[in-house]
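A.B. asks: Give me a 3D structure for the following:
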Amino acid sequence: MAFSGSQAPYLSPAVPFSGTIQGGLQDGFQITVNGAVLSSSGTRFAVDFQTGFSGNDIAFHFNPRFEDGGYVVCNTRQKGRWGPEERKMHMPFQKGMPFDLCFLVQSSDFKVMVNGSLFVQYFHRVPFHRVDTISVNGSVQLSYISFQNPRAAPVQPAFSTVPFSQPVCFPPRPRGRRQKPPSVRPANPAPITQTVIHTVQSASGQMFSTPAILPMMYPHPAYPMPFITAIPGGLYPSKSIILSGTVLPSAQRFHINLCSGSHIAFHMNPRFDENAVVRNTQINNSWGSEERSLPRKMPFVRGQSFSVWILCEAHCLKVAVDGQHVFEYYHRLRNLPTINKLEVGGDIQLTHVQT
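C.D. replies: Next up, the predicted model:
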């Protein structure tokens, strides 16, 4: 199946998990697996890059084992038979702790980064382009699996709803409003080296290309807080922002702000002392009316990890937490490309940000 760009992440998939890699692996492809090692059950987990769902043909088997002091096994399985193991006698994971695991596919090997540091490289034993499936099993809980292909120019409808691994029932869009992407999208790149061109298509068929920067990898345990970074090109319909982290056990509040100059276009403020998620906009240092309603209970829990997905559409932002849609926020500042800065602060530890 031909596929020209980065696919949507799988959010909070249940383990064991198997999912399709659209278009198969390509040189330069980057896959990030974010989650936490379970503290109680099991002594192993594995990430497999394989052909199909049977598990008989695994191009790369990455298998941390917490036995005998801890080590990681790498191997290849062909037609149901394992090859010789390659062992790294070092354990970069800790039970009960979150991790950020990144696989970079290159012409000669897989390079594996754990929490921002190069851990191992595994030379290909079979052609990597045969891989079309990723599987994860064992004693882990997953926050998301995301995909980036910096050498491709993905083409997707500007107003498509990005699928979550767990079905998200977004309310229907209001009728009678013609959605048009902005005609100008100024780039405001952050100091990051890799660039991928995102191309979106308007209803009239015209193509707009906007530079997007791959996520910066910070060393474990966390991003610096408060955290501020650019949103390259600003907001536009189909733009996604993904954040993952852990709420501190004694947390009172934290916030996620999308800013336009000195204005805060979108302020998301989970408050554990009020058991609420407050949303608002600040223009010229003056707050507007708060929005607090939620379809279900507070989606964040003290001491637990989370993933937040903010999806921009022409008339609103759609926000999902751990794969479940929780609210929409209609734009109060409508010049979307000028909303080009992300701010995160408060009582959390950040483990991954993708703008």
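A.B. asks: This structure - how does it break down into domains?
C.D. replies: What automatic domain parsing lists as the domains of the chain is 10-148, 155-354.
A.B. asks: Would you single out the least confident of those domains?
C.D. replies: The minimum mean pLDDT among these belongs to domain 155-354 (a mean of 73).
A.B. asks: Look up which residues are beta-bridged to residue 266.
C.D. replies: residue 258 (DSSP bridges).
A.B. asks: Could you report the neighbour count for the nearest residue to residue 328 once chain neighbours are set aside?
C.D. replies: Closest residue to residue 328 apart from its sequence neighbours, by CB to CB, 6 or more residues apart in numbering: residue 316 at 4.7 Å. In this view, the C-beta of every residue, glycine as well, is placed from N, C-alpha and C. Per other CB atoms under 10 Å, the neighbour tally for residue 316 reads 16.
A.B. asks: And for residue 245?
C.D. replies: Neighbours of residue 245 using other CB under 10 Å come to 24.
A.B. asks: ok, back up a step: quick one, what contacts the residue nearest to residue 328?
C.D. replies: Applying CB atoms under 8 Å, 6 or more residues apart in numbering, we find residue 316 in contact with 328, 329, 330, 331.
A.B. asks: what does residue 271 give?
C.D. replies: Shown in contact with residue 271 (CB under 8 Å, 6+ apart): 252, 253, 277, 278.
A.B. asks: of those residues, buried ones?
C.D. replies: Neighbour-count burial (16 or more other CB atoms under 10 Å) is assigned, among the contacts of residue 271, to 253, 277, 278.
A.B. asks: how about TSV for the residues you listed, with secondary structure and distance to residue 83 added?
C.D. replies: Output for the buried ones among the contacts of residue 271, formatted as TSV (DSSP: H, G, I helix; E, B strand; the rest coil; distance: CB to CB, whole Å):
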residue	secondary structure	distance to residue 83
253	strand	52
277	strand	50
278	strand	55
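A.B. asks: Closest one to residue 345 out of these, please.
C.D. replies: Closest approach between the buried ones among the contacts of residue 271 and residue 345, by CB to CB: residue 253, at 9.3 Å.
A.B. asks: just the strands in the stretch 201-350 of the chain please.
C.D. replies: 207-213, 227-230, 240-247, 254-260, 263-271, 276-283, 286-287, 305-312, 316-321, 324-330, 341-346, 348-354 (DSSP state E, counting those that start in this stretch).
A.B. asks: can you list contacts of the shortest one?
C.D. replies: This points to strand 286-287. Outside of strand 286-287, the residues within contact range by CB under 8 Å, 6+ apart are 280, 281.
A.B. asks: so how far is residue 260 from residue 19?
C.D. replies: According to CB to CB, to the nearest Å, residue 19 and residue 260 sit 36 Å apart.
A.B. asks: Check residue 343 too.
C.D. replies: 12 Å.
A.B. asks: can you check residue 61 too?
C.D. replies: When residue 61 is compared with residue 260 (using CB to CB), they lie 46 Å apart.
A.B. asks: Equivalent analysis for residue 25, please.
C.D. replies: As judged by CB to CB, residue 25 and residue 260 stand 38 Å apart.
A.B. asks: same thing with residue 309?
C.D. replies: For residue 309 relative to residue 260 (CB to CB), the value is 21 Å.
A.B. asks: When these two are compared, which one has more neighbours?
C.D. replies: Between residue 309 and residue 260, counting by other CB under 10 Å, residue 309 is the more crowded of the two (26 against 21).
A.B. asks: I'd assumed residue 239 was in contact with that one.
C.D. replies: No - Residue 309 is beyond contact range of residue 239, at 11.4 Å (criterion: CB atoms under 8 Å).
A.B. asks: Now do the buried residues in stretch 345-353.
C.D. replies: In stretch 345-353, counting by 16+ other CB under 10 Å, buried: 346, 347, 348, 349, 350, 351, 352, 353.
A.B. asks: wait, which of those residues is closest to residue 89?
C.D. replies: For the buried residues of stretch 345-353, the nearest to residue 89 is residue 351 (26.0 Å; CB to CB).
A.B. asks: if we can go back for a sec, now render the buried ones among the contacts of residue 271 as a markdown table, adding distance to residue 137.
C.D. replies: Converted to a markdown table, the buried ones among the contacts of residue 271 look like this (distance: CB to CB, whole Å):
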| residue | distance to residue 137 |
| --- | --- |
| 253 | 37 |
| 277 | 33 |
| 278 | 39 |
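A.B. asks: just curious, which of those is nearest to residue 77?
C.D. replies: Nearest to residue 77 out of the buried ones among the contacts of residue 271 is residue 277 (CB to CB; 45.1 Å).
A.B. asks: what about the nearest residue to that closest one once chain neighbours are set aside, how many residues close to it?
C.D. replies: In space, and not counting its chain neighbours, residue 277 is closest to residue 270: 4.9 Å by CB to CB, 6+ apart. Using other CB under 10 Å, residue 270 is surrounded by 25 other residues.
A.B. asks: cool, and residue 320?
C.D. replies: Residue 320: 23 neighbours (other CB under 10 Å).
A.B. asks: just to revisit the earlier point, to residue 109, which of the strands of the stretch 201-350 of the chain lies closest?
C.D. replies: Using CB to CB as the measure, strand 348-354 is the one of these that comes nearest residue 109, at 23.7 Å.
A.B. asks: Let me have the strands of the stretch 201-350 of the chain in TSV, extended by distance to residue 84.
C.D. replies: Shown next, in TSV, are the strands of the stretch 201-350 of the chain (distance: least, CB to CB, whole Å):
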stretch	distance to residue 84
strand 207-213	39
strand 227-230	43
strand 240-247	36
strand 254-260	47
strand 263-271	49
strand 276-283	52
strand 286-287	63
strand 305-312	36
strand 316-321	43
strand 324-330	44
strand 341-346	45
strand 348-354	34
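A.B. asks: Understood, closing this out.
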